[in-house]
Structures are given as C-alpha cells and as structure tokens.
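[1] compute the structure for the input listed below.
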Amino acid sequence: MAGKARGFTLIELVIVITIVGILAAVALPRFVNLQRDARIAKAQAIYGAIKSAAALAKARCELDLAQPTLATSTCTATAGTVNMDGASVTMVNRYPAAAVGGIDVAVQLTASEGISISGGAPRIYQMNGATDPATCQVSYSAPAAVGSAPTIDVATDGC
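    Next up is the predicted model:
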C-alpha cells in the first residue's frame, strides 16, 4: 500500500459522540442551577439592601428628631419624610413606609432591574424568571408601632 487512508473510524466517532453526550447531560443541570443560584443571590442582595436602607432611614429620622434645628426633613415619631441622597423617603413609625415613595426610594430599587414590585403592606419584591415567584421574593412591612422594627422576610424555595 503506497498511501494509507487517514481519518477517524466509525468506532472512534461513536465514542467521541458518546463522551460529548455524557458531558452535556452533566453540564446542563449545572447550568440550570446557576440561574436558580443567581435568583437566590439577587433575593438575598435585595434583602440586605432593604435592611441597610431601613436602618439608614431610621438613623436619619432619629438624628432629625434629636437635632430639630439641623433637620433636613420632616420626620416625626409616627410619620413624615427624610432626605436620603436628595430623595424624599416617606416614613412610618421612624422607618420607611411599605409603599411607593417609601422603602423603594430608600433602597433605590426599580422594577426594571429583573424584579417585580407590588403591594403596599407588605411591599413585595419578586425575582423575574423564578419557577414559583410567590416563593422567590423579599417582603417588607413597616413597623406597626413606634419602637418596633419593620418585618423583612426573604423566601428562596421557588427560585
């Protein structure tokens, strides 16, 4: 034989296709879990942002109540507004209200950031793309009385 044919045999091609199929079967579920993990991380980030913004708004209100001559807002013990980064945040019992103009402004969240925002008491932040949006969300409720804290819950079971 002067020249030997070069190329892959049928058996070699079948083995390569089988290996690629096995890798795809293993990698696909991991990719799907990455999307779920990203929604869980987003929910936890929103939860942390809400907690921080509520604490900062309360601190601003307390400062304005303690130093009324230096106050930059109209915060009272049960209502009013505070100024956070030039935005007016509606307050209830020294914490941001669970309504438009309240916690949304304090956190600076909008529905265009991959989340849906609804409700007023509680305020609900649902992650877009979740398998069950009702169990992939963060909820915020303003305190019912002066001296109590807001209720902030995160659910990630249905992400």
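[2] could you pull out the helices for this protein?
    Assigned by DSSP state H, the helices in the chain fall at 10-66, 103-107.
[3] who are the packing partners of the longest one?
    Helix 10-66 sits against strand 81-84, strand 87-92, strand 95-96, helix 103-107, strand 123-127, strand 137-141, strand 151-155, with contacts defined as 3 or more C-beta pairs under 8 Å, 6 or more residues apart in numbering; DSSP states H and E. Using the backbone N, CA and C atoms, a C-beta is placed for each residue, glycine as well.
[4] redo that, cut-off 10 Å
    In terms of contacts (3 or more C-beta pairs under 10 Å, 6 or more residues apart in numbering; DSSP states H and E), helix 10-66 is packed against strand 81-84, strand 87-92, strand 95-96, helix 103-107, strand 115-118, strand 123-127, strand 137-141, strand 151-155.
[5] and that helix, what's its mean pLDDT?
    Across helix 10-66, pLDDT averages out at 89.
[6] before we move on, what about stretch 92-110?
    pLDDT averaged over stretch 92-110 gives 93.
[7] quick one: contacts for the closest residue in space to Thr131 that isn't next to it in sequence?
    The shortest distance from Thr131 to any non-neighbouring residue, by C-beta to C-beta, 6 or more residues apart in numbering, is to Gly158 (5.4 Å). For Gly158, the contact set (C-beta atoms under 10 Å, 6 or more residues apart in numbering) comprises 36, 39, 126-127, 130-137.
[8] farthest pair within the residues you listed?
    Arg36 and Ala134 (15.7 Å; C-beta to C-beta).
[9] these two - which one has more neighbours?
    Just comparing Arg36 and Ala134: by other C-beta atoms under 10 Å the higher neighbour count belongs to Arg36, 17 against 11.
[10] if we can go back for a sec, and among the helices and strands packed on helix 10-66, the most buried is which?
    strand 95-96 (a mean of 28; mean count of other C-beta atoms under 10 Å).
[11] in its sheet, what does that one sit against?
    In its sheet, strand 95-96 lies beside strand 87-92 (antiparallel), with partners assigned from DSSP bridges.
[12] measure how the partner strand sits relative to helix 10-66, angle-wise.
    Angle, strand 87-92 to helix 10-66, by axes from the mean of the first three to the mean of the last three C-alpha atoms, to 10 degrees: 70 degrees.
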